[in-house]
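Starting from these lines, generate the structure:
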Amino acid sequence: MKRFGVSLEDKVLFSFDKYVKDKGFSSRSQAIADLIKNELVKEQWTKNETVAGAVLFVYDHHKRDIVDKLTSLQHCFIKIIISTQHIHLDHNNCLEIIAVRGKAVDVKKLTERIKIVKGIKHISLSMSTIGKSIK
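I've put the predicted structure just below:
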């Protein structure tokens, strides 16, 4: 573990201390480490490294052929899909969660391809890391 000093303007430090408290961090150091790790994960996605994440989307399963389209699309990305979970939200709506591991560009491509399927109500990509380069 290494120590280093950081100089901040009073207003910035006040805001940061509020952030630390609001987020429940035990110290400034813990909060800074978390912010740095988040930036390192973003960099992995920008550099098209092997990453992990989850694609979450809600859709109306009554839309014509949507289930077949989504299944076919997922088979096209079989190399990056680890697993899927299908949840019935109500009579009309389903939530699907796709766990992925692969090159960032392929994960983004899968997300974009799902997004344009008619009947998709909402989609989001939760970007994470495979953890090897982040301690």
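
Just give the closest residue to Lys79, not the sequence neighbours.
Gly102 (6.4 Å; CB to CB, 6 or more residues apart in numbering). The way it works is simple: take the backbone N, C-alpha and C, and place the C-beta from them, glycine included.

Ok, Lys108 next?
Leu125 (7.2 Å).

Please name the residues that touch Ser27.
By CB atoms under 8 Å, 6 or more residues apart in numbering, Ser27 lies in contact with Val20.

re earlier: sheet partners, orientation included, of the helix or strand containing the residue nearest to Lys79?
Using DSSP states H and E, Gly102 falls within strand 93-103. Strand 93-103 pairs in its sheet with strand 50-60 (antiparallel), strand 81-88 (antiparallel), by DSSP bridges.

Can you name the next helix or strand after that strand?
Note on strand 93-103: by DSSP H and E, the next helix or strand toward the C-terminus is helix 104-115.

The helix or strand following that next one: which residues count as buried?
Downstream of helix 104-115, the first helix or strand assigned by DSSP H and E is strand 120-129. Neighbour-count burial for strand 120-129 flags Ile120, Ile123, Leu125, Met127, Thr129 (criterion: 16 or more other CB atoms under 10 Å).

what's the neighbour count on Ser7?
Neighbour count for Ser7, taken as other CB atoms under 10 Å: 6.

The top helix by length along the chain - contacts with which helices or strands?
Longest helix in the chain, counting residues (DSSP state H): helix 28-46. With contacts defined as 3 or more CB pairs under 8 Å, 6 or more residues apart in numbering; DSSP states H and E, the packing partners of helix 28-46 are helix 10-23, strand 50-60, helix 104-115, strand 120-129.
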